[in-house]
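> Return a 3D structure for these sequence lines:
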Amino acid sequence: MKQKPSGRVSSSEQTIRDIKRKTRKQYSAEEKIRIVLDGLRGEDSIAELCRREGIAQSLYYKWSKDFMEAGKKRLAGDIVRQANSSEVTDLRREARDLKEVVAEQTLELRLLKKSMLGDGDELE
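Numbers count the residues shown, from 1 in each chain. The predicted model follows:
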């Protein structure tokens, strides 16, 4: 059997890796939380839970650690919550409205200053 150079990957091996990478299940945050909470309940062993969910035990323990660390930070108040898209939209709308109010008040102030001078000279 012919051996290939150790530093290079054949195109078929690369294709298989690409397929595995693309078909790997992506777990949402809610799914990860559900799995970690199932493990914390202790109704089944971690090994059984991981087999049922199709994940490695090391992945479960990583998620569990991340879950606990995030909870600890949140309870300690060390974390800044990320705004969701609707909150960002609302904040942008509010900022725009406030800028319009400031512009209107600035214009009114300039008009009042001009009327106080009476002759229309600019006030610096």
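
> Against residue 60, how distant is residue 13?
Using Cβ to Cβ, to the nearest Å, one gets 29 Å for the distance from residue 13 to residue 60. From N, CA and C alone the C-beta is placed, and that goes for glycine too.

> brain fart, residue 98
Here the criterion is Cβ to Cβ. By it, residue 98 lies 48 Å from residue 60.

> which of the two has more neighbours?
Between residue 98 and residue 60, counted using other Cβ atoms under 10 Å, the more crowded position is residue 60 (20 against 10).

> Secondary structure element for that one, which one?
helix 57-76 (DSSP states H and E).

> For that helix, which helices and strands make contact with it?
Helices and strands touching helix 57-76, as assessed by 3 or more Cβ pairs under 8 Å, 6 or more residues apart in numbering; DSSP states H and E, comprise helix 29-41, helix 46-53.

> for that helix, the distance to its chain's centre please.
Put simply, helix 57-76 sits 16 Å off its chain's centre (Cα atoms, centre = their mean, to the nearest Å).

> same question, stretch 12-22
Centroid separation for stretch 12-22 versus its chain: 28 Å, with Cα atoms, centre = their mean.

> low-scoring stretches of the chain, by residue?
The chain contains residues with pLDDT under 70 at 1-7, 78-81, 119-124.

> longest helix of it?
Ranked by residue count, the top helix of the chain under DSSP state H comes out as helix 85-117.

> among the helices and strands packed on helix 57-76, which is nearest residue 87?
Set against residue 87 and scored by Cβ to Cβ, the helices and strands packed on helix 57-76 come closest in helix 29-41, at 17.6 Å.
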